[in-house]
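**Student:** sequence plus the predicted model coming up.
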Amino acid sequence: MCGIFGIVSNSIVRDLDNSLELLKRRGPDFVGKINAEFSNGSVSRHFALGQTRLSIIDLNDRANQPFFYNNYILVFNGEIFNYVELKKELLKKDYVFTTESDTEVILVAYQEWGYDCFSKFNGFWSLCILNSKNGEVILSRDRFGIKPLYYYCDLEKFIFSSEIKPIAQYLGNGLEFDHGPLIDHFISENLEHTEKTIYKNIYSLTPNSYALVLNNKIIWKKPIFGYPTGEFISDEKKALEEFEFLFEQSVRLRVRSDVPVALTLSGGIDSTAIALALKNCRIEDYKSFSVEFPNKKYDEKKIVEQTASHLDIDINFYNFEEQNSIDDILDFALCQELGFTSFSQFMNYSILGKVSKEGFKVFLTGQGGDEVFMGYPRHMVAFLNDSNSKTDFTRRFIKVMQNSGLSYQDAVGQYIYFKNFLNLRVNKNLRKYNFFTNSRDFDRRKLQKVDVDLKSLQISEIFEGQLSRLLRLDDRSSGCHGLEGRPVFLDNDLVNFALRLSPDLLIRNGWSKYLVRKYLSKHGLDFVAWNKRKIGFQAPEEYFTKLVWNKIGDSFKIDDFTNRIDSTNTRYIIYELTKLQMFKSHYPSYF
């Protein structure tokens, strides 16, 4: 986890210190910057690049950024986990390395393979490569959008950053809400389906892309990875063997670090699978953290302890109390910048604060497991849609009911709800927010489709759905604590494998994430594998909403767009708008 910031301008760039200061929580170990100028006849361009570093691989100062290699200058946020293998390949081509960092491997790989180097990277990144000879600026972002990259451009300058606040600080003329994306936020609860953000003229570079910046704007943008092709994998035995190999390979790659590694363990399938893989790989140099709730409705301590006993690992429990500081909640909102959707995400922020205070910089996470291997209740609609007859539909429905623990009435209700999930949610939100919008303001064609077949939904969930939003939330929560989260399930090879699985190996007999469950079951973790209770890190939403509203409700005026809000409409309206106000209350000069 680092922070990057840069400017391409027609005129001399002023100092970056104030903007970089806003990124120091992401990278507190070192701050580096460089100013450069490129002239080509009558054309002159000024460049400024900066980075705040969280030192994880090669802790030596020689790996600090901006990093120079021949005529290339790099600022980079993320990790390239297969840098060891790439370095061996490049050494055979007689390249000489001066560091043990993945940073240097990026530039040498770019020197050797050009734009094709990005498709060789297994990891996550947002980066800028400046060619000091010709003034070419290349931006790139990883396949899944794990690392953020925002930008602003006008006739005079192009600015990019890991976060929005540094851009706003440098511009100095404040941020304005863009009402179109803001409506999308309230109505579809999704911000990541477009390059637009809720702020005017602030954009997000598309994941899985690299782009050329010329004349202060993006001239072209190209994709890096495509989808795997070929026949589906349908043999369960072979599929389980390949999953085990690829999943444990992903874990081995993601514990590459020159600092200690932590694991957050919720008692669910994904984090338990990571703990199992660590044991199978004989990796012992890590520490596990979990949460203990006073409200047993949310508590999974018993199953976490059972897992720890089975795998012979130590667990450090964080005792979560509802009486959290309002300042902590406001700080969480400030870090998020683009709003959030649940106070359960504040729970994650709180846990990561504990991990950071214990001296860790890196933790493994199960984010992406539900999207890659199909683990959400709404995925059962697609499972039922794949039925080939009424008889098959009935059989599948009975299995869903049996293996979800739902009654017949609840199972029918869930099917009807999730089959019409998006339209129901949109219609509900349109009614709630009818005081500042109407149906004509919202384009339903932008919505992610849920009522489709399972494989189509899988692709949508990974590359178009809420995963991007969850990754953004995770990035901010970890970044504000100086931590780097490494999603084990979002490994290129593992995802390509999952995309080639037959639908029957994603959901079978109503069991979601079937192959992951089989992996746990194979190693004696049936009490997790076939557990029908799915909780995760949940939070008392109404308690936190009231807590925040009592603190800032009187000053709840954002702009003319939201001044029309009647706080008596519904608690949910207050809840949603409170989340945006929490960001503004910290930085009123930006609005």
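**Tutor:** Yes, it's here. Just so you know, these numbers come straight off a predicted model, no measurement behind them.
**Student:** from here on, contacts and neighbour counts on C-alpha atoms
**Tutor:** Noted.
**Student:** output the helix or strand where residue 126 lies as CSV, nothing but the C-alphas.
**Tutor:** Element membership for residue 126 (DSSP states H and E) is strand 123-131. Taking C-alpha atoms only, strand 123-131 is exported to CSV below (Å, rounded to 0.1, in the frame of the first residue of the first chain):
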residue,chain,number,x,y,z
GLY,A,123,-0.7,-8.8,-8.6
PHE,A,124,-2.4,-5.4,-8.1
TRP,A,125,-1.2,-2.0,-9.1
SER,A,126,-1.9,1.5,-10.1
LEU,A,127,1.1,3.2,-11.7
CYS,A,128,2.6,5.9,-13.9
ILE,A,129,5.6,5.5,-16.2
LEU,A,130,7.1,8.6,-17.6
ASN,A,131,9.5,8.5,-20.5
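**Student:** next secondary structure after it?
**Tutor:** Counting by DSSP H and E, the next helix or strand C-terminal to strand 123-131 is strand 137-141.
**Student:** partners of that next one in the sheet?
**Tutor:** Under the criterion DSSP bridges, strand 137-141 sits next to strand 123-131 (antiparallel), strand 209-214 (antiparallel) in its sheet.
**Student:** quick one, which of the ones you listed is packed in tightest?
**Tutor:** strand 123-131 (a mean of 24; mean count of other CA atoms under 10 Å).
**Student:** what sits up against it?
**Tutor:** 4, 71-82, 136-149, 162, 491-492 (CA atoms under 8 Å, 6 or more residues apart in numbering).
**Student:** can you do 7 Å?
**Tutor:** The contact list for strand 123-131, computed with CA atoms under 7 Å, 6 or more residues apart in numbering, reads 71-81, 136-142, 146-149, 491.
**Student:** going through these, which ones are buried?
**Tutor:** Using 16 or more other CA atoms under 10 Å as the burial test, the contacts of strand 123-131 include 72-81, 137-142, 146-149, 491 as buried.
**Student:** may I see the strands paired with strand 137-141 organised as a markdown table, with distance to residue 158 and mean pLDDT added?
**Tutor:** As requested, those are arranged in a markdown table below (distance: least, CA to CA, whole Å; pLDDT from 0 to 100):
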| stretch | distance to residue 158 | mean pLDDT |
| --- | --- | --- |
| strand 123-131 | 12 | 97 |
| strand 209-214 | 8 | 94 |
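**Student:** which of those strands sits closest to residue 239?
**Tutor:** Proximity to residue 239, assessed across the strands paired with strand 137-141 by CA to CA, is greatest for strand 123-131 (23.3 Å).
**Student:** I'd like the average pLDDT over stretch 287-297.
**Tutor:** What stretch 287-297 shows for mean pLDDT is 77.
**Student:** do the same with stretch 178-198
**Tutor:** On average, the pLDDT along stretch 178-198 is 72.
**Student:** how far away is residue 242 from residue 312?
**Tutor:** Distance, residue 242 to residue 312, using CA to CA, to the nearest Å: 25 Å.
**Student:** mind listing the helices for the stretch 201-350 of the chain?
**Tutor:** 236-254, 269-280, 301-311, 326-336, 344-357 (DSSP state H, counting those that start in this stretch).
**Student:** so for residue 33, which of those sits nearest?
**Tutor:** helix 326-336 (23.0 Å).
**Student:** ok, and for that closest one, which residues are buried?
**Tutor:** Using 16+ other CA under 10 Å as the test for burial, helix 326-336 gives 329-336.
**Student:** what's it packed up against?
**Tutor:** With contacts taken as 3 or more CA pairs under 7 Å, 6 or more residues apart in numbering; DSSP states H and E, helix 326-336 sits against helix 467-479, helix 571-586.
**Student:** lowest average confidence, helix or strand, in this protein?
**Tutor:** Lowest on mean pLDDT, DSSP states H and E among the helices and strands of the chain sits helix 571-586, with a mean of 50.
**Student:** ok so, going back, which one of the buried residues of helix 326-336 is nearest to residue 319?
**Tutor:** Closest to residue 319 out of the buried residues of helix 326-336 is residue 329 (17.0 Å), distances taken as CA to CA.
**Student:** which non-adjacent residue is nearest that closest one?
**Tutor:** Distances taken as CA to CA, 6 or more residues apart in numbering place residue 346 nearest to residue 329, at 7.0 Å, with adjacent residues excluded.
**Student:** returning to that earlier point: pLDDT and distance to residue 304 added to the buried residues of helix 326-336, as CSV?
**Tutor:** As requested, the buried residues of helix 326-336 are exported to CSV (pLDDT from 0 to 100; distance: CA to CA, whole Å):
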residue, pLDDT, distance to residue 304
329, 78, 26
330, 76, 30
331, 82, 29
332, 83, 26
333, 78, 29
334, 78, 31
335, 82, 29
336, 82, 29
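**Student:** for these, which one is nearest residue 184?
**Tutor:** If you rank those by distance to residue 184 using CA to CA, residue 336 comes first, at 17.3 Å.
**Student:** contact partners for the closest one?
**Tutor:** 473, 476.
**Student:** do that again at 8 Å, thanks
**Tutor:** Neighbouring residues of residue 336 by CA under 8 Å, 6+ apart: 472-473, 476-477, 583.
**Student:** repeat that for residue 494.
**Tutor:** Contacts here follow CA under 8 Å, 6+ apart; on that basis residue 494 touches 243, 246-247, 250.
**Student:** three-state assignment of it?
**Tutor:** Under DSSP: H, G, I helix; E, B strand; the rest coil, the three-state class of residue 494 is helix.
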